[in-house]
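K.L.:
after the sequence you'll find the predicted model.
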Amino acid sequence: MIHELSADECRGLLEAASVGRLGFTHDGRVQIIPVNYVLDGDSVIIRTVPGGIIGATAESGDPVAFEVDHLDSLGGEGWSVLMNGLIHPVTDPQELAAIDTQRVLPWAGPDRPLHLRFVIEQISGRRVRRERNR
């Protein structure tokens, strides 16, 4: 059974998770990279290294996708939230000060000083539950 999620339901699920996948095109190829994130209003904050592939994508101004999901194989259910939008570096000191940077803890290591804001332009989601045989 598939249930389409409302934007509010999607945001609620995003608040409960901390790992997503950033999808973008680099050198003519689709890239999908897992990142830690925190929801910040109608945007997502991630941290990365300056000069890396994700930072270069933010500088390009090209559209990106961001996806977060959860699967419970034993329970036979899961959900997925897909967002589309733009990503840009956060450079304004006041904007940086307003971000809860302690909640954006990259698993790849703490030395990720470049904060990026993914602005959600479109959001959709689904919850899926396996039908049980009786």
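P.N.:
Nice, thanks for sending it over.
K.L.:
so residue 9, which state does it fall into?
P.N.:
The three-state assignment at residue 9 reads helix, by DSSP: H, G, I helix; E, B strand; the rest coil.
K.L.:
which positions in the least confident helix or strand in the chain by mean pLDDT come out as buried?
P.N.:
Least confident helix or strand of the chain, by mean pLDDT, DSSP states H and E, is helix 93-98 with a mean of 77. Buried positions in helix 93-98, judged by neighbour count with 16 or more other Cβ atoms under 10 Å: none. The way it works is simple: take the backbone N, C-alpha and C, and place the C-beta from them, glycine included.
K.L.:
quick one: contacts for residue 26?
P.N.:
53, 56-57 (Cβ atoms under 8 Å, 6 or more residues apart in numbering).
K.L.:
okay if I get the residues you listed as TSV plus pLDDT, secondary structure and neighbour count?
P.N.:
Below are those laid out as TSV (pLDDT from 0 to 100; DSSP: H, G, I helix; E, B strand; the rest coil; neighbours: other Cβ atoms under 10 Å):
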residue	pLDDT	secondary structure	neighbour count
53	87	helix	14
56	86	helix	15
57	86	helix	22
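K.L.:
out of those residues, flag the one nearest to residue 120.
P.N.:
residue 57 (16.2 Å; Cβ to Cβ).
K.L.:
spatially nearest residue to residue 66, not counting backbone neighbours?
P.N.:
Distances taken as Cβ to Cβ, 6 or more residues apart in numbering put residue 83 closest to residue 66, at 4.6 Å, once the chain neighbours are dropped.
K.L.:
tell me what the one you found is bridged to.
P.N.:
residue 66, residue 123 (DSSP bridges).
K.L.:
just the pLDDT for it.
P.N.:
In this prediction, residue 83 carries a pLDDT score of 97.
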